[in-house]
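In: This is a predicted model, with the sequence first.
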Amino acid sequence: MIELKNLKKEYVLSKNNKVLALQNINLTIDEGEFVAIVGKSGSGKSTLLNVISCLDKEFSGEYFFEGENIRKKRKNELAKIRNRSFGFIFQNFNLLQKLTAYENIEIPLIYKKVPRRKRKELIEKYAEKLQIKDRLQHKPNELSGGQQQRVAIARALVTNPKVIMADEPTGALDEATGIQIVEILKELNQEGKTILLITHDSDLAKMANRKIVLSDGMIIQDEKEGGNV
Ligand SMILES: Nc1ncnc2c1ncn2[C@@H]1O[C@H](COP(=O)(O)OP(=O)(O)OP(=O)(O)O)[C@@H](O)[C@H]1O
Ligand SMILES: [Mg+2]
């Protein structure tokens, strides 16, 4: 599903000032995997997620997503792939504070021009799944961190993407709530979603089926359940 070949990413700040954020990345991720990406701050985790989610095509080497050569795609084609295939969850939830939980979950459906009645049906379905149905009329600041993250997960899921990208989704939560969130990701994985989870927490990383360790922009370890890759 995801295939990176000899990928390198440099941030060019000025002529003499470049940051090598990723190098020598060779990585294949199959549909249905649950991958944890760990590594120190600045090791390239978010950069890798940005490349994989087609946000950034300024890299060298190759990236194929479902057989499509991402580096050769136009911006609008990339946006389409991105909207269709990836759902995102972040550390700070990224919810719009003025909108209710319901309206936050509704946003990607409005972008997709899903009719109102169908939107309601989908929002209720995912709210039920994430146990926030009785909180749909609340605004983010009236919800606990765990509930806000559940709203964000519902928003990520409501368009039924194949891949869920989670960049430190437990970073703002207490330990028990963080475990609950990763358990939800685990469940989604068991239902067939491909999950990429960035985490600093090695205990949470153990809940994935594969652990990739980044250091200075390189993969220094890649371990699948039951053996090395
Ligand atoms: N937009 C940018 N412009 C220039 N350099 C950047 C940019 N984004 C990231 N970098 C640099 O690229 C390297 C990798 O950054 P990245 O954000 O991928 O790290 P990370 O592993 O996600 O770290 P953290 O755990 O702190 O989120 C770092 O050296 C960082 O300073
Ligand atoms: Mg990061």
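Out: Nice, I can see it. Ligands and ions are numbered 1, 2, ... in the order given.
In: Residue 96: neighbour count?
Out: Using other Cβ atoms under 10 Å, residue 96 has 12 other residues around it. In short, each C-beta sits where N, CA and C put it, glycine included.
In: sorry, that was for residue 50
Out: 19.
In: Can you tell me how far it is from ligand 1?
Out: Distance, residue 50 to ligand 1, using Cβ to the nearest ligand atom, to the nearest Å: 8 Å.
In: thinking that residue is in contact with residue 56, fair?
Out: Yes - contact criterion Cβ atoms under 8 Å: residue 50 and residue 56 qualify, at 4.6 Å.
In: Give the intersection of the neighbour lists for the two.
Out: Taking Cβ atoms under 8 Å, 6 or more residues apart in numbering as the contact rule, residue 50 and residue 56 have no neighbour in common.
In: Could you give the secondary structure assignment for the residue most central in space within the chain?
Out: Against the mean C-alpha coordinate of the chain, by Cα atoms, centre = their mean, the closest residue is residue 165 at 1.0 Å. Classification of residue 165 using DSSP: H, G, I helix; E, B strand; the rest coil returns strand.
In: Whichever helix in the chain runs longest: which residues count as buried?
Out: Taking DSSP state H as the criterion, the chain has its longest helix at helix 175-190. Of the residues in helix 175-190, 177, 178, 179, 180, 181, 182, 184, 185, 188, 189 count as buried by neighbour count, 16 or more other Cβ atoms under 10 Å.
In: Repeat that for stretch 15-30.
Out: 21, 22, 23, 25, 27, 29.
In: avg pLDDT for it?
Out: For stretch 15-30, the mean pLDDT works out to 94.
In: can you list the residues of the chain near ligand 1?
Out: Residues of the chain lying close to ligand 1 (Cβ under 6 Å from any ligand atom) are 11, 13, 19, 21, 39, 41, 42, 43, 44, 45, 46, 47.
In: try 5 Å this time
Out: By Cβ under 5 Å from any ligand atom, the part of the chain that sits against ligand 1 consists of 11, 19, 21, 41, 42, 43, 44, 45, 46, 47.
In: count of neighbours near the fourth one?
Out: Taking other Cβ under 10 Å as the neighbour definition, residue 41 ends up with a count of 7.
In: Which pLDDT does the model give it?
Out: 93.
In: about what we covered before: in terms of secondary structure, what does the longest helix of the chain contact?
Out: strand 34-39, helix 145-157, strand 163-167, strand 194-198, helix 202-205 (3 or more Cβ pairs under 8 Å, 6 or more residues apart in numbering; DSSP states H and E).
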